[in-house]
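**Student:** Okay, here's the prediction I keep looking at, along with the sequence it came from:
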Amino acid sequence: MANATDAHDFARAAQENQARLTADLKPSYDFIVCGAGASGSVTARRLAENPDVQVLLIEAGGSDEVEQVLDPAQWPTNLGSERDWGFQAEPNPHLNGRALPMSMGKVLGGGSSVNVMVWARGHRSDWDYFAAEAGDDAWGYRNVLDLYRRIENWQGAPDPEYRGTSGPVWVQPAVDPSPIARTMLDAAREIGIPTFDSPNGRMMEGLGGAAISDMIVRDSRRHSLFRAYVQPLLDRPNLTVLTGTTVLRVTLEGNRATGVEILRGNDVRTIGARMEVILSLGAMQTPKVLMHSGIGHEGELNRVGIPVIQHLPGVGQNLQDHVSFGCIWEYQEPIAPRNSGSEATLYWKSRPELESPDLLFCQVEFPVPSDRTVARGVPDHGWTMFAGLARPSSRGRLRLRSSDPFAPLQIDANMMSDPDDMRAALACVQLCRDLGNAQAFRPHVKGEVMPGSLEGEALKDYVRDAAVTYWHQTCTAKMGRDAMSVVDASLKVYGIDGLRIADGSIMPRVTTGNTQAPCAIIGERAAEMIRAAHQL
């Protein structure tokens, strides 16, 4: 009872504090963090831990105090809601002309408040690749593993080599998973894929495997990265969280970032940053804000009439996303989904010679057709192998339509444009069928519904019709040292002082698996480097 009272008292104090702080905004803050998503929440928290530092955290969306966010089972209801940016890709000839919606979170917590809550650290090879691209071993796997141990509050079987238990992020295996999830692990073993106690740690240091998913769910409620990192500090006078506020552009004096121009209600105003601006707006909005600030490819900026401050041709290029192809089976008897409805995961290879997995599988305990495949007939009761490409070869790009910051982006996702992706997709679908038709599933499954007996060109056509986003849009302002890199190893934007990027857009390539855990690492690394630079 005391704990409930304490929590109520804190919530009231935090609400009153934030009401005071947002009613009387300062003309400038030490740091402005733009975007309260998976990375921005982490960076803002770590900076605000120093009571002498004034931090402003800006979020375009609103409160996460809604049941659709907090109830893990309701996550699909956020797609297409006011908590979704509602990005729409251009029609794609490689997907039979389909224009995919590309949902991203627009709410406190960003994607971590609307996603399926899976905690996936990425593969060892991802982080070592980041380190090689950046020229900085601190981005490598060994250091990142130390960070994961530091930030996790692991609730599974003790594993001190790989897991920490004193950090802010409550991570637990899916509780009492569905029998269909356990069956997927049995099917994996049946076809020669190893299974593990956790999908993080040893499993993601080698060839891959299958496991019950790790989730950021606490006491049957979503434990977003905003709730893990920022919420406990909302009663502090040095952290202001401003919702319902869109960042339009970064203000610059010469080649130095001085603040941001924002829209709040009908009011456009500028707020200064005494030390740094940190863009954590995600792989769509971060490059959009950069370009509207005059930072990007000079030809693209000239095309829409934006004066060029810094020519960086990589802004908005290199767009990557995991693409999925749902394969569906019908149940013998209905089995109700549990937890988030996605409790088992698998990573494996499309070709035996690969040294790390390039395919990503999440079992979903209900049918998930695409806009096209729904016409093939969806069973009333069934499950989906939501499987796709963990290491896609295709690359997309973002372009401005005009100099108006309110105009939507032109998103050329370009999925499946590289022939290697079709080859991997066919191997992926075949592996799905091998799993779903394994002996282990016989007691639960009446039969395969999609793709069924399709082969050859008909199966390729199914892949194009079935393809959907995994909602893992990344890599549009990549870290590196080549001409297309936007930030250096310390996440500073090339050629601009006082401006860093901390979100999934800095990934040189999309990580193997769901992206929110790697985005937490990006937030931690950003804050670490900012504090060191300013001796905080």
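**Tutor:** The structure has been received and is ready for your questions.
**Student:** which residues touch the host helix or strand of residue 252?
**Tutor:** If you go by DSSP states H and E, residue 252 is part of strand 245-253. The contact list for strand 245-253, computed with C-beta atoms under 8 Å, 6 or more residues apart in numbering, reads 34-35, 58-60, 257-264, 268, 270, 272, 277, 279, 281, 285, 289-290, 292-295, 309, 405, 496, 499. Every C-beta, even on glycine, is put in place using the N, C-alpha and C of the backbone.
**Student:** Given it, what are its sheet partners and their directions?
**Tutor:** strand 256-264 (antiparallel) (DSSP bridges).
**Student:** Send me the strand holding residue 252 as PDB with only the CA atoms.
**Tutor:** Written as PDB, here are the backbone C-alpha positions of strand 245-253 (Å, rounded to 0.1, in the frame of the first residue of the first chain):
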ATOM      1  CA  THR A 245       6.000  20.200 -30.200                       C
ATOM      2  CA  THR A 246       7.500  19.700 -33.600                       C
ATOM      3  CA  VAL A 247      11.100  20.600 -34.400                       C
ATOM      4  CA  LEU A 248      11.200  22.400 -37.700                       C
ATOM      5  CA  ARG A 249      14.900  23.100 -38.100                       C
ATOM      6  CA  VAL A 250      18.100  23.600 -36.300                       C
ATOM      7  CA  THR A 251      19.100  27.300 -36.000                       C
ATOM      8  CA  LEU A 252      22.700  28.100 -37.000                       C
ATOM      9  CA  GLU A 253      25.100  30.900 -36.700                       C
END
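**Student:** Buried ones in that strand, by neighbour count?
**Tutor:** 245, 246, 247, 248, 249, 250, 251, 252 (16 or more other C-beta atoms under 10 Å).
**Student:** and which of the residues you listed is nearest residue 347?
**Tutor:** Of all the buried residues of strand 245-253, residue 247 has the smallest distance to residue 347: 35.3 Å, by C-beta to C-beta.
**Student:** and the chain, what are its domains?
**Tutor:** 2-66+224-319+475-533, 175-212+322-470 (automatic domain parsing).
**Student:** and those, which is most packed in?
**Tutor:** domain 2-66+224-319+475-533 (a mean of 21; mean count of other C-beta atoms under 10 Å).
**Student:** Measure how far that one is from the centre of its chain, please.
**Tutor:** In terms of C-alpha atoms, centre = their mean, to the nearest Å, the centre of domain 2-66+224-319+475-533 is set 15 Å apart from its chain centre.
**Student:** show me where the stretch 101-250 of the chain has strands.
**Tutor:** Listed in chain order, the strands of the stretch 101-250 of the chain (DSSP state E, counting those that start in this stretch) span 101-102, 152-154, 169-173, 209-212, 214-215, 217-218, 221-222, 239-242, 245-253.
**Student:** helices or strands up against the second one?
**Tutor:** Contact analysis of strand 152-154 by 3 or more C-beta pairs under 8 Å, 6 or more residues apart in numbering; DSSP states H and E lists strand 169-173 as its packing neighbours.
**Student:** So what touches the strand it packs on?
**Tutor:** Contacts for strand 169-173 (C-beta under 8 Å, 6+ apart): 119, 151-156, 163, 198, 212-218, 223, 225, 228-229, 520.
**Student:** per-residue confidence for residue 453?
**Tutor:** Here the pLDDT value assigned to residue 453 is 89.
**Student:** That one and residue 447, how far apart?
**Tutor:** 11 Å (C-beta to C-beta, to the nearest Å).
**Student:** Surely residue 176 touches residue 220?
**Tutor:** No - with contact defined as C-beta atoms under 8 Å, residue 176 does not reach residue 220; the gap is 10.8 Å.
**Student:** Narrow the contacts of strand 245-253 to those in strands?
**Tutor:** 34, 58, 257-264, 268, 270, 272, 277, 279, 295, 499 (DSSP state E).
**Student:** residue contacts, residue 371?
**Tutor:** Neighbour list for residue 371: residue 98 [criterion: C-beta under 8 Å, 6+ apart].
**Student:** so which helix or strand takes in it?
**Tutor:** Applying DSSP H and E, one finds residue 371 in no helix or strand.
**Student:** separation between it and residue 428?
**Tutor:** For residue 371, the distance to residue 428 - C-beta to C-beta - is 20 Å.
**Student:** One more: residue 337?
**Tutor:** When residue 337 is compared with residue 428 (using C-beta to C-beta), they lie 23 Å apart.
**Student:** Just the buried residues from the contacts of strand 169-173, in PyMOL please.
**Tutor:** Here is the PyMOL selection string for the buried members of these, based on 16+ other C-beta under 10 Å:
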select buried, resi 119+151+152+153+154+155+163+198+212+213+214+215+216+217+218+223+225+228+229+520
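**Student:** Got phi/psi on the spatially closest residue to residue 500 that is not a sequence neighbour?
**Tutor:** In space, residue 500 comes closest to residue 491 once its chain neighbours are excluded; the distance is 4.4 Å by C-beta to C-beta, 6 or more residues apart in numbering. With angles defined as degrees, to the nearest 10, residue 491 sits at phi 70, psi 20.
**Student:** So residue 491 sits against residue 528, correct?
**Tutor:** No - in this structure residue 491 lies outside contact range of residue 528 using C-beta under 8 Å: 10.3 Å.
**Student:** Can you name the residues that contact residue 164?
**Tutor:** 148, 149, 150, 151, 152, 153, 154.
**Student:** got the contact list for residue 388?
**Tutor:** With C-beta under 8 Å, 6+ apart, residue 388 has these contacts: 322, 323, 324, 325, 359, 360, 425, 428, 467, 470.
**Student:** can you list these in CSV and add secondary structure, pLDDT and distance to residue 131?
**Tutor:** Listed next are these as CSV, based on DSSP: H, G, I helix; E, B strand; the rest coil; pLDDT from 0 to 100; distance: C-beta to C-beta, whole Å:
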residue, secondary structure, pLDDT, distance to residue 131
322, coil, 96, 22
323, strand, 96, 26
324, strand, 96, 28
325, strand, 95, 32
359, strand, 98, 24
360, strand, 97, 22
425, helix, 97, 29
428, helix, 97, 28
467, strand, 97, 31
470, coil, 92, 25
